[in-house]
Structures are given as C-alpha cells and as structure tokens.
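Trainee: Just to be clear, the model below is a prediction. Sequence and coordinates:
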Amino acid sequence: MSQGKGYWMALAALAGALAFGSGVLAQTAPAPAPAENAAPTADNAVMLTVFLKHDQSRPLSELNAQLERQGYYKAFPPAGIEVVSWYVMMGIGQVVTLRLPASRLREVNRIFENTAWGSYRTEFYPTYDYKATGIAAHDKAQ
C-alpha cells in the first residue's frame, strides 16, 4: 500500500513541476488561464497515456449509449490536443496516448471525469519525451 501511495505522490510532484515551473511561487498575481488552443512545444509538452478500462459487466452497446448521453464523443479528443495513438486492448478497453501542453492537463482530466466515468475506469500516466536525452547519454558513453 505504501508503495502505491509513494507512486501517486511522485506522480503529483512531477505533474506539478511540469505544470507550474519554478517561478510560479514568486508571483503575486494569479497566473493567466491557459490558452484555449495552446500548442505543445519542446519545453511544455507532456504525453499522457490513458487506460480506459471498460465495465465488463455491461454490454458494449449500453456503454456506448452512456458515453453518448454524457457527451464523451463530442468532448474527446479536445481541439488542439494531438492523439499519438488510440488502441483497443482486448480484455482492458482502450489505451489512448495524447501529446499536449502541460497547461491543458487539467482540461483533459475534466473531460474524462465529466464524460467517461461510469462506462470506463480510468488510469492516467503522464510522461515526457526523454528520447534526445537518452540518446545523447548513450552517444557520450561510446
């Protein structure tokens, strides 16, 4: 149990660091609202992998009808958010990977909370692009 708690605390710290940066604490005025159509850039992009685990006790037609009623198909994916991949994983449900600016993480989370819950149980895994750093470390070690 404590290992799981530590994981979520570390995940929250990472999300906070990515979303707010180091200068926010020194500000006296509230931060401006994130831009509606902010684009992910090299210095603000995160990737978010979302597991949408379907309720296997209910038929797919019932789940899809609930998603339709809750506005899921209209709200997701939101405009300006890049869908990197979107797969059906047999026995799980759907796995979606998005690339987005960190400032829009809350917006994406709220879409799932408001439109997908009930049909899906969700798991979120925010990540960042490490490829260039990893390759540079490998090249340096050669």
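Mentor: Okay, I see it.

Trainee: hey, what's residue 82 bridged with?
Mentor: When bridges are called by DSSP bridges, residue 82 pairs up with residue 99.

Trainee: That one: neighbouring residues, count only.
Mentor: 13 (other CB atoms under 10 Å). To be clear about C-beta, it is placed using only N, CA and C from the backbone, and glycine gets the same treatment.

Trainee: Likewise for residue 104?
Mentor: By other CB under 10 Å, 24 other residues sit near residue 104.

Trainee: Tell me if I am right that it is in a strand.
Mentor: No - counting by DSSP: H, G, I helix; E, B strand; the rest coil, one finds residue 104 to be helix, located in no strand.

Trainee: these two touch, right, it and residue 81?
Mentor: Yes - counting by CB atoms under 8 Å, residue 104 touches residue 81, with 6.8 Å between them.

Trainee: Quick check: buried residues in stretch 106-126?
Mentor: Within stretch 106-126, the residues that count as buried by 16 or more other CB atoms under 10 Å are 107-109, 111-112, 115-116, 119-120, 126.

Trainee: who does the helix or strand residue 52 falls within pair up with?
Mentor: Taking DSSP states H and E as the definition, residue 52 sits inside strand 45-54. Partners of strand 45-54 in the sheet, by DSSP bridges, are strand 93-101 (antiparallel), strand 120-127 (antiparallel).

Trainee: returning to what we had before: from the buried residues of stretch 106-126, which two are the most distant?
Mentor: Using CB to CB, the two most remote members of those are 119 and 126, lying 22.4 Å apart.

Trainee: Just the pLDDT for residue 16.
Mentor: With respect to pLDDT, residue 16 has a value of 50.

Trainee: Number the chain from 55, please
Mentor: In the new count, where the first residue is 55, that last one comes out as residue 70.

Trainee: can you give me the helices for the chain?
Mentor: Assigned by DSSP state H, the chain shows helices spanning 56-74, 114-123, 126-129, 159-169, 185-195.
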